[in-house]
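Participant: Below is the sequence, then the predicted model.
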Number of protein chains: 2
Amino acid sequence: MAGGRQREFSQQKALESAMQVFWKKGFVGASLTDLTTSMGINKPSMYSAFGNKEQLFVKATQYYIDRYASPPFDLLSGDEPIKQRVARYLRSVISSQCHSDKPKGCYISLCVAESEGEQFPESAAEIVEQANHFGENALTDFFRTEQSSGNLAAGTSAEKLGRYFIAFLHGTSSLARGGRSEDELLALVNIAVEAIV
Amino acid sequence: MAGGRQREFSQQKALESAMQVFWKKGFVGASLTDLTTSMGINKPSMYSAFGNKEQLFVKATQYYIDRYASPPFDLLSGDEPIKQRVARYLRSVISSQCHSDKPKGCYISLCVAESEGEQFPESAAEIVEQANHFGENALTDFFRTEQSSGNLAAGTSAEKLGRYFIAFLHGTSSLARGGRSEDELLALVNIAVEAIV
DNA sequence: TTTTTAATGTACCGATCGGTATGATTGATG
DNA sequence: CATCAATCATACCGATCGGTACATTAAAAA
């Protein structure tokens, strides 16, 4: 009961392409021509597969969260000293922000910058805010757990520490976007992790 | 030899209004209708006074640099201990990023995010890059001077420290844009200044 | 007062925006 | 093979984009 012509493109690959266009140009700056050209499909195909520009953006953002933003958190686990694990996590994120064959900086950080404009759809702002709080909560929970394990002094605030490192990574994202080299940013990790006491 | 009708609006006030629109919506997201409505003038008046959208943006950015970004650097001077002066500077910038009757975050930081898109004019990208390096150099020079005055250990790198605090402020800018409160961000200053040894 | 110069308001320009109607093409289903 | 549902390519929609032509208005210069 479900006949018809088969889709000639991979939805996942098209989503990856669209995500990179949004990553580079932002939601407003990415035109449908930019998007469909990069995706290698026509406008009707995009509309039939993803709905509209807003829904395409939401799906692309979710794809980024799953594929790029979430995996580094696994690097926080392990038997090494806490500073070493945090440094490993920070370096991984920074390297991702500086990757030469991707747009520079953090996709989510760029969305935050753009989310204040009225042209930015509400559903997009919601998922961006959700992604932002997810990252901060993940770090905060991590420090809370480490604190109860005795790896972090009881006097320090896990919330503050989580917020501090999220701020640090938003900062490196902006500097990466501005053209600073990966080495210049990786060198800051040693300074940042000294906040853990 | 210079007759003619007088301009009925203040160029400075119009520039301030335009700057706030760019600050909120970005270069691409701010339409001429948005801009001229906020400036309280018509399109021909804007074109005659500022040239075009690109030149208006460049002048608005320069206005932000002179009026908002530069003054806080003066807070680095004084007889107090270096950590205290740096903390004072950081708190001033963060307060500015969280001011309730202005767009949240740092105008320059938002421009950096947008500057990768092709719709962002080259002259605008140049002044943004220039502003970015100015801030980083100002901090680096500050730490170098403090180092030669003996207020900073000889082993630490002034460049790294300058870059670190610029990253920190870009980070708080992003968090402010994302809705974090001024108090939440000010609380991070105590952590950050401990990088000074 | 007359002349000249510039700013203003309106109405408009071609180009591009996000989004769609339509018909040809494809291929699984009966 | 014939049917039918879904995708494809093209061409187009109204709205908005940045930018301007033109006539009017105001004020300085003569």
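Facilitator: Good, I have the coordinates.

Participant: okay, CA-based contacts and neighbour counts for the rest of this
Facilitator: Noted.

Participant: quick one: the helix or strand hosting residue A:138 near chain B?
Facilitator: Assigned by DSSP states H and E, residue A:138 falls within helix A:122-148. Yes - legend: contact between helix A:122-148 and chain B by CA under 8 Å from any CA of the partner chain is shown at residue A:129.

Participant: And the residue of chain A that's closest to DNA strand D?
Facilitator: Closest residue of chain A to DNA strand D, CA to the nearest atom of the strand: residue A:4 (3.0 Å).

Participant: Just say helix, strand or coil for that residue.
Facilitator: Using DSSP: H, G, I helix; E, B strand; the rest coil, the structure places residue A:4 in coil.

Participant: For burial, what's the neighbour tally of it?
Facilitator: 6 (other CA atoms under 10 Å in any protein chain shown).

Participant: ok, and for stretch A:68-77, which residues are buried?
Facilitator: Residues A:69, A:72-73, A:76 are the ones in stretch A:68-77 that count as buried (16 or more other CA atoms under 10 Å in any protein chain shown).

Participant: so residue A:108 makes contact with residue A:130?
Facilitator: No - assessed by CA atoms under 8 Å, residue A:108 is found out of contact with residue A:130, at 10.3 Å.

Participant: who's more crowded, the two?
Facilitator: Relative neighbour count places residue A:108 above the other of residue A:108 and residue A:130, with 21 against 11, counting by other CA under 10 Å.

Participant: Report pLDDT for the more buried one.
Facilitator: We note a pLDDT of 98 for residue A:108 in this prediction.

Participant: what's the helix or strand for it?
Facilitator: Using DSSP H and E, residue A:108 sits within helix A:107-114.

Participant: one step back: closest one of the buried residues of stretch A:68-77 to residue B:21?
Facilitator: Nearest to residue B:21 among the buried residues of stretch A:68-77 is residue A:69, at 30.8 Å by CA to CA.

Participant: tell me the contacts of residue A:138?
Facilitator: Taking CA atoms under 8 Å, 6 or more residues apart in numbering or on different chains as the criterion, residue A:138 is in contact with residue A:73.

Participant: Give me the buried positions along stretch A:149-165.
Facilitator: Burial within stretch A:149-165, assessed by neighbour count using 16+ other CA under 10 Å, is assigned to A:151-152, A:158-165.

Participant: Pull the residues that contact that stretch.
Facilitator: A:81-82, A:136-137, A:139-141, A:143-144, A:146-147, A:192, A:195-197, B:184, B:187-188, B:191.

Participant: Quick check: next helix or strand after the helix holding residue A:138?
Facilitator: Moving toward the C-terminus from helix A:122-148, the next helix or strand (DSSP H and E) is helix A:158-177.

Participant: distance between that following helix and the chain's centre?
Facilitator: Chain-centre distance of helix A:158-177: 12 Å, with CA atoms, centre = their mean, to the nearest Å.

Participant: Other residues contacting the following helix or strand past that helix?
Facilitator: Using DSSP H and E, the next helix or strand after helix A:158-177 towards the C-terminus is helix A:182-186. Contact partners of helix A:182-186, identified using CA under 8 Å, 6+ apart, comprise A:91, A:94-95, A:98, A:172, A:175-176, B:160.

Participant: Kindly recompute the last result at 7 Å.
Facilitator: With CA atoms under 7 Å, 6 or more residues apart in numbering or on different chains as the test, helix A:182-186 has contacts from A:91, A:94-95, A:98, A:172.

Participant: do the same with stretch A:42-54
Facilitator: A:36, A:56, A:121.

Participant: Give me the pLDDT value at the first one.
Facilitator: At residue A:36 the predicted local distance difference test score is 98.

Participant: just curious, which of the contacts of stretch A:42-54 is nearest to residue A:27?
Facilitator: Ranked by distance to residue A:27 (CA to CA), the contacts of stretch A:42-54 are led by residue A:121 at 9.1 Å.

Participant: how far away is the closest one from residue A:57?
Facilitator: 9 Å (CA to CA, to the nearest Å).

Participant: Neighbour count: these two, which is higher?
Facilitator: Between residue A:121 and residue A:57, counting by other CA under 10 Å, residue A:57 is the more crowded of the two (21 against 18).

Participant: The more buried one: which element?
Facilitator: Assigned by DSSP H and E, residue A:57 belongs to helix A:53-64.
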